[in-house]
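> Let's see this in three dimensions:
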Amino acid sequence: MALPLDYAKPLWELHAISGLKGDQCAFFWKAHHVMSDGQGFIRSILSTTSIEATLQRLEQQSLRQDKPKQFVPRYSNKWPYFDMKIFSFVWMVISHIYVCWMTWIHDLWVLLLCMVPLRRNDLMYEGLQSFEKEMSWSEDILMNDIRLVRKIFGGTLNDVMVAVITRCIKDYLEKNGRRRDNYIRLVIPVSLRQPNDWKCHNVVSCNWGFFSMGNEDTKELIKQVRREMKAIKTSFLPKLMYYWISFIWGYMPGITPPRWMYDYVCDIPHGVFTNLPGPTSPISFAGHEVQNYRTFPPQVGKGSIGIALISYNGKVSIGAIADVTNRYPNLTQSICQRFSKEFDFILHEAQMELSKCA
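Numbers count the residues shown, from 1 in each chain. The predicted structure is shown next:
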């Protein structure tokens, strides 16, 4: 977004960094999003490692869906079989009506934001977009600890992590006296890629999520995030947008909206949040075990922050990228440093709730 596409520059670069602590080395790869979506990039990188041994498990991860829990009423064994069937059917109908209503409200609000000039206040600054970027990453969080939080407060891994990130951003803005928005608007990529598709191409769409920066307790915040994420998953907008753009630009590639329209739409959200699941067991590169790997997604517009959640070997961390500005100094560093601390606070709450149940 900061510069026009320079056809003289390569679409990707690879940097090898040696001489690190403990005689370690690192590889830094950056690539233009025109080549592929995030999953395509990650799979391309992993194809150079010993990933063959864990390919099947990765595909099973991609195939795994968040299946709705079957409602089993208390003392169900005492209910007559016919009454249970009727009750289950009525519950299913009510649940579907609720999800459809929630999704329609969400999608109408997204469409309204695209037409009405309601731009964000937070993370914006005067002047042109900064060419200089700042990048940071967080400490690791154990997957088992996330499972405990999910067990107590409900929700998926993404729901819990978005709640943590929302509080991190809120904490940063309030400490700097900059918070004016009540909701953080994040672009959530929606992958349309098949689990066994390892090609380098873009098969992704997106939707917006609106996450509260109010004073909700942990249970209420995760519940609000869960509603938003459910609406994003069931929305028709991502597929409609992907196939419509593919159809129009497939036949008329030279037809594109003016730059100001891109700038307007891209300045609505505060940032991007994407989840890129990695191998569940250690992998090796050139005969050496990979200790860590991080991902930094692209920004959507001026002042926005790109946040990627990456999992590897039973641990989870985030990587963040943002513009370097005087108005919001050390944005990514502050959020990433706060990430594990904020999760530890939620984990402590979950442990307290668990002890009460015991």
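> Rounded mean pLDDT for the helix or strand harbouring Tyr172, please.
Using DSSP states H and E, the element containing Tyr172 is helix 157-175. The average pLDDT within helix 157-175 is 95.
> Check what contacts it and list those residues.
Residues from elsewhere that reach helix 157-175, judged by C-beta atoms under 8 Å, 6 or more residues apart in numbering: 122, 146, 149-150, 153, 155, 179, 184, 186, 209, 211-213, 218, 221-222, 225-226, 229, 270, 273, 275, 305, 307, 309, 316, 318, 331, 334-335, 338-339, 342-343, 346. To be clear about C-beta, it is placed using only N, CA and C from the backbone, and glycine gets the same treatment.
> Determine the number of other residues adjacent to Leu123.
Using other C-beta atoms under 10 Å, Leu123 has 26 other residues around it.
> right, and it touches Pro269 too?
No - at 9.6 Å, Leu123 does not count as touching Pro269 under the criterion of C-beta atoms under 8 Å.
> Could you pull out the residues contacting both of the two?
Contact criterion C-beta under 8 Å, 6+ apart; residues shared by Leu123 and Pro269: Ser304.
> Now do Asn292 against Gln351, distance only.
To Gln351, Asn292 is 27 Å away according to C-beta to C-beta, to the nearest Å.
> so where do the helices sit in the stretch 1-150 of the chain?
Here the stretch 1-150 of the chain has its helices, by DSSP state H, counting those that start in this stretch, at 38-46, 55-63, 81-115, 143-153.
> and if you look at the stretch 251-358 of the chain?
Assigned by DSSP H, counting those that start in this stretch, the helices in the stretch 251-358 of the chain fall at 259-266, 331-357.
> so which of those is the most packed in?
A comparison of the helices of the stretch 251-358 of the chain by mean neighbour count, using mean count of other C-beta atoms under 10 Å, puts helix 331-357 on top with a mean of 17.
> tilt between that one and helix 143-153?
If you take axes from the mean of the first three to the mean of the last three C-alpha atoms, to 10 degrees, helix 331-357 sits at 60 degrees to helix 143-153.
> Nearest residue to Asp122 in space, ignoring adjacent ones along the chain?
Among residues not flanking Asp122 along the chain, Asp181 sits closest, at 4.8 Å (C-beta to C-beta, 6 or more residues apart in numbering).
> what residues are up against the one you found?
Asp181 neighbours (C-beta under 8 Å, 6+ apart): 120-122, 213, 270.
> right, and the secondary structure at it would be what?
Judged by DSSP: H, G, I helix; E, B strand; the rest coil, the three-state class of Asp181 is coil.
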